[in-house]
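predicted model and sequence below, questions to follow.
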Amino acid sequence: MTLQTTGIVLENRKIKPRYFLLEIHCPPVVTKIRPGQFLMLKVSDNNHPFLRRPFSVYRCYSNNHPDKKKRGNLLILYKMVGKGTQKMTGLRNGQRVDIIGPLGNNFNLPPLPSSNNIILVAGGVGIVSLYPLAERLTPQKLFVFIGGKNRNDILCSSDFKSLHSNIFIATEDGSLGFKGTVVDLFLSQRKRFERNESNYLYACGPTGMLKKLTGAIRYEQFVCQASLESRMGCGFGACWGCVVKTTNPKIPYQRVCKEGPVFDLKEIVWE
C-alpha cells in the first residue's frame with residue numbers, strides 16, 4: 001500500500017565526496033517497504049525543484065530492532081548530481097520531509113534455503129537498492145560485485161562484509177581492486193558459477209552496465225532480475241515518463257516506476 005506521509009530528518013551527513021547519508025524517522029514506510037521498492041521525496045519546501053526525486057532505501061530499522069532509538073528509521077544513501085540532490089544536502093535535523101511510498105515492485109527471492117549461488121552486481125549508487133535484499137537473504141552465501149569509476153564511488157562494502165559476503169571490487173581507474181568495469185570483473189569470475197545448474201543474479205546500475213551484463217549472461221544458467229535506474233516525473237505511472245521497451249507481447253512498453261523498477265533482465269530490449 002502506497003502512502004503519502006511525513007518523515008523527520010535525524011541526520012544528513014557527508015560520507016564521501018558527493019555522497020551523503022540521510023536518516024529519516026518514518027515508521028509507516030518502514031513497516032511496508034520491500035527490497036527493490038523506492039520512495040519519492042519532496043526535497044524542498046517550495047517549488048524549486050518542482051518534481052520529487054526517487055530514492056532507494058538503503059536500510060530500514062523495524063519496530064523490533066534491538067536498538068530502540070533506531071526503530072522506525074530509514075537510511076537513504078544518495079549522490080549529489082543535480083539541483084534536487086544539491087538541495088537535499090541542506091536538509092537539517094528536525095526538518096520534515098514529504099514522502100510518497102513505497103512505490104514499484106520488489107525483488108523476488110530465490111527458494112530459501114538455497115544451494116545455488118546468489119550473486120549481486122552493482123555499479124555506483126546502484127548498490128544501495130541491493131543491500132536490503134542482501135539483508136533479507138542472510139545467512140545465505142552471497143557473491144557481491146561492486147563497481148565505480150574510482151575508489152570514492154565504492155559504497156557499502158563494510159556493511160556487506162558484516163553479512164559475511166564474498167566481495168569483489170572494480171574501479172575503472174584501478175584505484176581500488178580490479179581495474180575495469182564491474183561487468184568485466186564479474187566475467188573474470190563467471191566460471192565459478194557455471195558449475196551450478198542455476199544461479200540467482202540481482203543487478204542495479206547505469207543503463208550501459210546492465211546492457212553489457214545482458215549480453216554476457218547465459219540465461220539457462222542464470223535467473224536474472226535487475227532494478228532499472230530512470231528519471232521519473234511522478235513515480236506512480238501517470239506521466240509515462242520512464243518507459244522501457246520489453247519483449248512482453250501484451251505490454252511491450254512498461255513503466256519503470258509502475259511495472260518496475262525490478263524486471264527480468266532478459267525481457268528488456270536495449271536500444
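Structure received.

quick one: low-confidence ranges for the stretch 51-200 of the chain?
Counting by pLDDT under 70, the ranges of the stretch 51-200 of the chain that qualify are 196-197.

how about 90 then?
Scanning the stretch 51-200 of the chain for pLDDT under 90 picks out 51-52, 63, 82-84, 110-117, 138-141, 164, 190-199.

now do the strands in it.
Secondary structure of the stretch 51-200 of the chain (DSSP state E, counting those that start in this stretch): strands located at 53-56, 59-60, 73-79, 96-103, 117-123, 142-148, 166-171, 178-179, 199-205.

switch those over to JSON lines; also include mean neighbour count and distance to residue 220.
C-beta coordinates here come from the backbone N, C-alpha and C atoms, glycine included. Below are the strands of the stretch 51-200 of the chain laid out as JSON lines (neighbours: other CB atoms under 10 Å; distance: least, CB to CB, whole Å):
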{"stretch": "strand 53-56", "mean neighbour count": "24", "distance to residue 220": "30"}
{"stretch": "strand 59-60", "mean neighbour count": "20", "distance to residue 220": "35"}
{"stretch": "strand 73-79", "mean neighbour count": "22", "distance to residue 220": "35"}
{"stretch": "strand 96-103", "mean neighbour count": "20", "distance to residue 220": "33"}
{"stretch": "strand 117-123", "mean neighbour count": "24", "distance to residue 220": "15"}
{"stretch": "strand 142-148", "mean neighbour count": "25", "distance to residue 220": "19"}
{"stretch": "strand 166-171", "mean neighbour count": "19", "distance to residue 220": "23"}
{"stretch": "strand 178-179", "mean neighbour count": "16", "distance to residue 220": "27"}
{"stretch": "strand 199-205", "mean neighbour count": "26", "distance to residue 220": "11"}
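
so which of the ones you listed is nearest residue 46?
Smallest distance to residue 46 across those (CB to CB): 12.1 Å, for strand 96-103.

and the residue nearest the centre of this structure?
Closest to where the C-alpha atoms of the chain average out (CA atoms, centre = their mean) is residue 129, at 1.8 Å.

how far away is it from residue 215?
22 Å (CB to CB, to the nearest Å).

equivalent analysis for residue 158, please.
Taking CB to CB, one finds residue 158 at 32 Å from residue 215.

and if you look at residue 160?
According to CB to CB, residue 160 and residue 215 sit 26 Å apart.

wait, residue 79 touches residue 16, no?
No - Residue 79 lies out of contact with residue 16 (CB atoms under 8 Å); the separation is 9.1 Å.
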